[in-house]
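Peer 1: Need coordinates for the below:
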Amino acid sequence: MVTPSKQKLAKTRNIGIIAHIDAGKTTVTERILYYTGRVHKMGEVHNGEATMDWMLEEKERGITITSAVTSCEWKAHTINIIDTPGHVDFTIEVERALRVLDGAIGVFCAVGGVEPQSETVWHQADRYHVPKIAFVNKLDRVGADFFKVIENLREKLGALPLVMQIPWGTEDQFQGVIDLIRMKAVVWEDETLGASYEEVPIPHDLLETASGYREKLLETLADKNDLIMEKYLAEEEIGDAELKAAIRDATVKLELTPVFCGSALRNKGIQPLLDAITDYLPAPVDIPPIIGHVPDTGVEETRPPDPTGPFSALAFKVMMDQGRKMTYLRIYSGTIDVGKPVFNSAKGITEKLSRLLRMHSNKRERINSASAGDLVAAMGLKQTTTGDTLCAEDSPILLEPIQFNEPVITMAVEPKRVQDQDKLVEVLEKLSDEDPTFRYKIDEETGQTVISGMGELHLEILVGRMKREFSVDTNQGKPQVVYRETISKTVSHEEVFQRELAGQQHYAGVVIEVAPRPRGSGNRFVDQCKNPDLTEEFLAAVREGVIESENSGVVMGYPVIDIQTTLLDVRIKESLSDVMAFKVAAAMAFKKACSEAAPLLLEPIMEAEIIVPEEFMGEVIGDLNARKGKIEQIASKGPVQVIMASVPLSKMFGYSTALRSVSQGRGTFTMQFSHYDQA
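Peer 2: Just a heads-up that it's a prediction; the model follows:
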């Protein structure tokens, strides 16, 4: 028996809109909201009025920065939509959206085709096994070429495109689309802003092309579906319902990608896309149940999307909302009510939901409960962070967390007003809670506050938010590179300290040898003194004097590393020698020995891993050589090459921007500290 809750689940779609920056994702979302009656006025991105781009930074720049959630109704189906950013600096927003979605619409510009960031987000969706449909947008633009984009989908994304519509005219002649399932032409009325449209017979000059593509559609489907294969070979009539069922089945299994077309800005092509969302993208009940582990035993457990089952949800995004913490949840099973406690199995704590909200971009509607398949926001979860699992305490489960990229670019910040220093740290704490790809640290050696992120735009926007939302104005600059010092030859030195202080004589003599050690092996103190008068107390004072002196070298005052200091002999005068004199003598001996031992400055060398398509290898390697990088290994990984190189940190500032420009935005890199080497 199909219960009302199961019926509701079968008519729910959780989808994301993914694409390269400027392909028209937000405009497509605006039209969807307008035609489903969710908004009564279309907002345009270029006017800063788009519903989904609600942040001030988004309105000013005309780009999406944060993924916004909304929901609408279409033909008795509930569609929850996440509009994601297309800029490479904000891939975390796409990553966490894809982790909790059941289906996605890839939007492609008919002029630009498959652009670099479209590749990145498409492969992210593949990694999470998200079924997709493609929408070729901007067919009214000069240079639009629908069939070139289809080729791109095959070549660059490795997708199997199933052409569902072909355009009727292109550029300024674009009038509508030809539906290959029903074999009808669809035209939109400009007077109603595209809200009403009609089906007309296919124009005579397009009939042959449409028939050819209809034949290809049937051939592709016959390959994937036995029933269609039988009817196709027997040349029997295949009904629309059978075709749709076969397309849906193959789409959900990720065997093919249905392709639609239109021009969102000209209000053409959106209603068939909405039909496609309900017809071909999966409901929560169509995808495999989520898999997790029981926290203590590690036993694998699945949770089917059943509203009556035990509660489980994933926190996929945290946002600061007027100083209060708002946590976005995808509920996988069970039902949750306001005011009820929930168990955070990742942290082993119980928290209480004070409010549940259904989001429409930045507007909200309070609800009392939410169940399997819902995307909601919750207030009151003080300690829950991105990637945590929430569940019922009596049946705990731990879902796989979300993978985050490591930050690749750093910047030093300081408040313009001294009294804002404490507030700055508080604000950075809040921002890093919200965005797992943003980190900050206070460098103990330079005293600088250093922030790290995914790119220059990412950090620029966060600095802007600090000023706007939290009233902390900052100065920004390059972080200082922390150097080290060492020596390159072995030297012995004798130092005698003899002085009268406060009417009392102090005396100590120390003979030491300093010698270089292998890179990365650290400092070492060795006692080889045979003098029988050397007490434990004096030996400790010598050691302390040397260790303190290692904190600042003789070249530029940076810490000294990879040195062995050997105590060879001491000079002691009874009643005049004391601990303080030995400590000072050892420190002076160490400094003088180092200055005679050919001291060197060392700089941090980073281990960088650069992933780039083969055609840009030459430019990337040339750029690394110019940065004094050493190529250590090049490995092939499918269509891309992985370059391992060691490069001085001082040469890597601004590298993310340089890599994007030499690889047309298709290269990515990570780096971590490797060792210190001669500057």
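Peer 1: hey, let's count contacts and neighbours off CA atoms from now on
Peer 2: Will do.
Peer 1: where do the strands sit along the stretch 401-550 of the chain?
Peer 2: With DSSP state E, counting those that start in this stretch as the criterion, the stretch 401-550 of the chain has strands at 409-415, 439-442, 449-453, 474-477, 484-487, 491-501, 504-516, 524-527.
Peer 1: Mean pLDDT added to those strands, as a markdown table?
Peer 2: As requested, those are exported to a markdown table (pLDDT from 0 to 100):
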| stretch | mean pLDDT |
| --- | --- |
| strand 409-415 | 81 |
| strand 439-442 | 85 |
| strand 449-453 | 82 |
| strand 474-477 | 85 |
| strand 484-487 | 90 |
| strand 491-501 | 89 |
| strand 504-516 | 91 |
| strand 524-527 | 92 |
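Peer 1: Would you mind finding the most buried of these?
Peer 2: Highest mean neighbour count among those (mean count of other CA atoms under 10 Å): strand 484-487, with a mean of 27.
Peer 1: what's in contact with stretch 546-560?
Peer 2: Outside of stretch 546-560, the residues within contact range by CA atoms under 8 Å, 6 or more residues apart in numbering are 482-486, 561, 565, 583, 586-587, 590-591, 594-595, 599-601.
Peer 1: mind running it again at 7 Å?
Peer 2: For stretch 546-560, contacts defined as CA atoms under 7 Å, 6 or more residues apart in numbering pick out Tyr483, Arg484, Glu485, Thr486, Ala586, Ala587, Phe590, Lys591, Ser595, Pro599, Leu601.
Peer 1: again, but for stretch 529-540
Peer 2: Stretch 529-540 is contacted from outside by Leu567, Leu568, Asp569, Val570, Val579, Phe582, using CA under 7 Å, 6+ apart.
Peer 1: Is Val579 in contact with Arg543, as I believe?
Peer 2: No. Val579 lies out of contact with Arg543 (CA atoms under 7 Å); the separation is 11.0 Å.
Peer 1: Settle it for me: which of the two has more neighbours?
Peer 2: Arg543 (20 against 16; other CA atoms under 10 Å).
Peer 1: how far away is that one from Thr220?
Peer 2: Arg543 sits 79 Å away from Thr220, taking CA to CA, to the nearest Å as the criterion.
Peer 1: How about Ile634?
Peer 2: From Ile634 across to Thr220, the span is 38 Å (CA to CA).
Peer 1: okay, the two: which has more neighbours?
Peer 2: Between Ile634 and Thr220, Thr220 has the larger neighbour count (other CA under 10 Å), namely 19 against 15.
Peer 1: related to what we said a few turns ago, which among the contacts of stretch 529-540 end up buried?
Peer 2: Listed as buried from the contacts of stretch 529-540 are Leu567, Leu568, Asp569, Val570, Val579, Phe582; burial here means 16 or more other CA atoms under 10 Å.
Peer 1: Tell me how far the fifth one lies from Ala586.
Peer 2: When you say that, I think you mean Val579. Counting by CA to CA, the separation of Val579 from Ala586 is 11 Å.
Peer 1: gap between the two ends of stretch 467-476?
Peer 2: End-to-end distance for stretch 467-476: 12 Å, by CA to CA.
Peer 1: which residues make contact with the longest strand along the chain from outside it?
Peer 2: Across the chain, the longest stretch assigned as strand under DSSP state E is strand 599-613. Applying CA under 7 Å, 6+ apart, the external contacts of strand 599-613 come out as 483-488, 555, 639-649, 666-679.
Peer 1: PyMOL command for the buried members of these?
Peer 2: In PyMOL, a selection of the buried entries from these looks like this (16+ other CA under 10 Å):
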select buried, resi 483+484+485+486+487+488+555+640+641+642+643+644+645+646+647+648+649+666+667+668+669+670+671+676+677
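Peer 1: Which of the contacts of strand 599-613 fall in strands?
Peer 2: When those are checked against strands (DSSP E), the matches are 484-487, 640-648, 668-678.
Peer 1: re the thing from before, which pair in the contacts of stretch 529-540 spans the largest distance?
Peer 2: Pairwise distances across the contacts of stretch 529-540 (CA to CA) peak at 17.8 Å, for the pair Leu568 and Val579.
Peer 1: ranges for the strands of the stretch 201-350 of the chain?
Peer 2: Using DSSP E, counting those that start in this stretch, strands in the stretch 201-350 of the chain cover 257-261, 290-293, 300-303, 312-321, 324-333, 335-337, 341-344, 349-352.
Peer 1: Tell me which helix or strand comes right after the last one.
Peer 2: Okay, so that is strand 349-352. strand 355-360 (DSSP states H and E).
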